[in-house]
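Chemist: predicted coordinates and the sequence they were generated for:
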Amino acid sequence: MKVRFVYASFQRHAEAHPELREHVPCDEYFGPPSLGIAYLAASTPPRWALDFRDDRVEDPGFDDDVDLVAISCFTPSAERAMEIADAFRARGKAVVMGGIFPSVMPEVVAPHADAVVVGEGEGVWPALLEDFERGELRPRYRASSDVDPASLPLPRVDLYLDKEGDAYHPDDYPVQLSRGCMLRCHACAIPASLGKRLRVLPLEHAMGQIEQLEAHGKLASLTEDTSFFPASGAQRGLLDLLDALAERDREASVSYVGISMPMILATPGRILDRLHAAGIRMFYVVGGFDPITRAAFTGRDEKQRGRAIDAIRKCHDHGIDPYTSFLVGNEDDDEGVFDHMLEVADAAKLQKAEFAIFTPYPGTPAWAQLLGEERILHRRWSKYNDANVVFQPKQMSPDRLLQGYLYLWREFYRSRRHLAQRGHREATIQF
Amino acid sequence: MLETPDGRRSRTIELIAEILEVQVDTVRPPQRLREDLGLDSLQSLELLSLLGEELRLELPMEEALELETVEDACAFVERTVAANA
């Protein structure tokens, strides 16, 4: 038996709005797939042959000789994933769909798949394969409990690395430190898709992920803000990892760490020093999701504006570059928000930033709220990608929000043309 | 000070007062942290950070997020200390 894993493609900012390339003096970062397929491939029994197709860079191979096709998608890639599923099924292939979107909207993908996996795939994958071998594939597989992080094998990132070429060669690959989250953030789908319990992966697993990337000359990106939760087991896990990295006498192997402004402010300076000592020189700062930055960017809350600038300065003071993402279109944002964001960015002396349109992804509290208020404009999932307006904003028209988002990209980089002369890493952003 | 339940209770209330920048005798056990005292999300994180540091303990986050009153915070500290004894 052979299973083919497929990662479906989606549009990024620069693909949705090619004119941005004229205004942004940076290289586009074309990143690797999320880790879902790599973990599932590692959990596949050895009696199964497997391969992987990255729909962003190659043909899915509809006519190839495979028994089962497993497609992973999140909301921006859901439409394409369903197209791919239909094409395989038209050729008689059985299709399983999983990932964030199928987990939170199983009824949408069900007509396109022979089976839908809801929740963490590793918990049901071996049983699903056995059912398929017996000809008893069920339409729905729901992970009944959270996966034990100590049971996880190292993800098969080699499947991703094999796809690199001239046009696609990421500097870094994601490394997972935990799963699930107990917070209930307005715009986040993690609790709905990966559970409400924060489970920390063992130190050996985290180091194992980093070391297998190092063996291929790649950096690790640590994306989880929950790792900074004060006095938590997750923070303990991060600190242990930092110590393990600092003890080694070699070049830094982490490209960036994801964090929000409240976490920067709540994290003691000595922990930021430990991040620096471990070789970490960049934060990916997510702005616009939390109460501080949501208020700071409105221009009506001087205290929170000051806190946002303090957070960015704190990064600079500890030698960590805060590459900041600004989310625009929150409920309190009126037409003044665009200039207020630029003013905060200039006051904090930010060098690099990205801008995203608030998007009510299925599975988030925001989706439930806007659906209830009949403010969802459409369900063309490919437009749910932070680069289009898919809901009725509270204080401006959808077009005004879209124009404001494009204005932010243009205006922020108008005074930062010098970035084009910088080195590769300094001049690369995600857009 | 942190060796006894009374000491930990006093210190927890002191920390809340320090974060809110108010006199310690204005913080009373039945008061609600957010609605009555105005503790915002960042200050909640700061409180957890300071409690964890002073008690030298990891705090169960699911429980920490449920705290509503000053009394809840004091009881949470005692439960956490007892669980780690």
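Modeler: Yep, it's here. Numbering: from 1, shown residues only, chains lettered A, B, ... in the order given.

Chemist: burial measure for the residue in chain B positioned nearest to chain A, as a count.
Modeler: Chain A sits closest to residue B:52 of chain B, with a gap of 2.1 Å, by C-beta to the nearest C-beta. Using the backbone N, CA and C atoms, a C-beta is placed for each residue, glycine as well. Using other C-beta atoms under 10 Å in any protein chain shown, residue B:52 has 20 neighbouring residues.

Chemist: which residues sit in contact with it?
Modeler: Applying C-beta atoms under 8 Å, 6 or more residues apart in numbering or on different chains, one finds that residue B:52 lies in contact with A:230-232, B:58-59.

Chemist: what's the closest non-adjacent residue to it?
Modeler: Among residues not flanking residue B:52 along the chain, residue A:231 sits closest, at 2.1 Å (C-beta to C-beta, 6 or more residues apart in numbering or on different chains).

Chemist: isn't that neighbour up against residue B:56?
Modeler: No. Using C-beta atoms under 8 Å, residue A:231 makes no contact with residue B:56, being 9.4 Å away.

Chemist: more crowded one of those two?
Modeler: It is residue A:231, of residue A:231 and residue B:56, that has more neighbours when counted by other C-beta under 10 Å, with 25 against 9.

Chemist: enumerate every residue touching residue 42.
Modeler: You didn't pick a chain, so chain A it is. Counting by C-beta under 8 Å, 6+ apart, residue A:42 has contacts A:152-156.

Chemist: ah, I was thinking of chain B
Modeler: Contacts of residue B:42 (C-beta under 8 Å, 6+ apart): A:262, A:265-266, A:291-292, A:307.

Chemist: show the buried residues in the residues you listed.
Modeler: A:262, A:265-266, A:292, A:307 (16 or more other C-beta atoms under 10 Å in any protein chain shown).

Chemist: now, those that are in helices?
Modeler: A:262, A:265-266, A:292, A:307 (DSSP state H).

Chemist: those residues also near chain B: which ones?
Modeler: By C-beta under 8 Å from any C-beta of the partner chain, the members of those lying near chain B are A:262, A:265-266, A:292, A:307.

Chemist: pick out whichever of these sits closest to residue A:375.
Modeler: Proximity of these to residue A:375 (C-beta to C-beta) peaks at residue A:292, which lies at 24.7 Å.

Chemist: local confidence estimate at the closest one?
Modeler: In this model, residue A:292 is scored at 88, pLDDT.

Chemist: wouldn't it be in contact with residue A:263 here?
Modeler: No. When contacts are counted by C-beta under 8 Å, residue A:292 is not listed as touching residue A:263 (10.2 Å).

Chemist: so residue A:38 sits in a helix?
Modeler: Yes. Counting by DSSP: H, G, I helix; E, B strand; the rest coil, residue A:38 is found in a helix.

Chemist: for it, which non-adjacent residue is spatially closest?
Modeler: Excluding its sequence neighbours, the residue lying closest to residue A:38 (C-beta to C-beta, 6+ apart) is residue A:155, at 3.4 Å.

Chemist: separation between the residue of the stretch 101-250 of chain A at minimum distance from chain B and residue A:258?
Modeler: As assessed by C-beta to the nearest C-beta, chain B sits closest to residue A:231 within the stretch 101-250 of chain A, at 2.1 Å. To residue A:258, residue A:231 is 19 Å away according to C-beta to C-beta, to the nearest Å.

Chemist: can you check residue A:212 too?
Modeler: Separation of residue A:212 from residue A:258 (C-beta to C-beta): 20 Å.

Chemist: so what's residue 38 up against?
Modeler: The chain I'm using is chain A. If you count contacts by C-beta under 8 Å, 6+ apart, residue A:38 has them with A:155-157, A:159-160.

Chemist: nope, chain B
Modeler: Residues in contact with residue B:38 (C-beta under 8 Å, 6+ apart) are residue B:20.

Chemist: how close does it get to residue B:9?
Modeler: Look at residue B:38 and residue B:9: by C-beta to C-beta, they are 21 Å apart.

Chemist: check which helix or strand the closest residue in space to residue B:26 that isn't next to it in sequence maps to.
Modeler: Using C-beta to C-beta, 6+ apart and skipping residues adjacent in sequence, the residue nearest residue B:26 is residue B:17, 7.2 Å away. Residue B:17 belongs to helix B:5-20 when elements are defined using DSSP states H and E.

Chemist: in a helix, the residue of chain B closest to chain A, correct?
Modeler: Yes. According to three-state DSSP, residue B:52 belongs to a helix.

Chemist: measure stretch A:378-398 end to end?
Modeler: End-to-end distance for stretch A:378-398: 12 Å, by C-alpha to C-alpha, to the nearest Å.

Chemist: stretch A:371-380 now?
Modeler: Start-to-end, stretch A:371-380 (C-alpha to C-alpha) is 15 Å.

Chemist: who are the contact partners of the residue nearest to residue B:53 when sequence neighbours are not counted?
Modeler: Among residues not flanking residue B:53 along the chain, residue A:231 sits closest, at 6.9 Å (C-beta to C-beta, 6+ apart). Shown in contact with residue A:231 (C-beta under 8 Å, 6+ apart): B:48-49, B:51-53, B:57-59.
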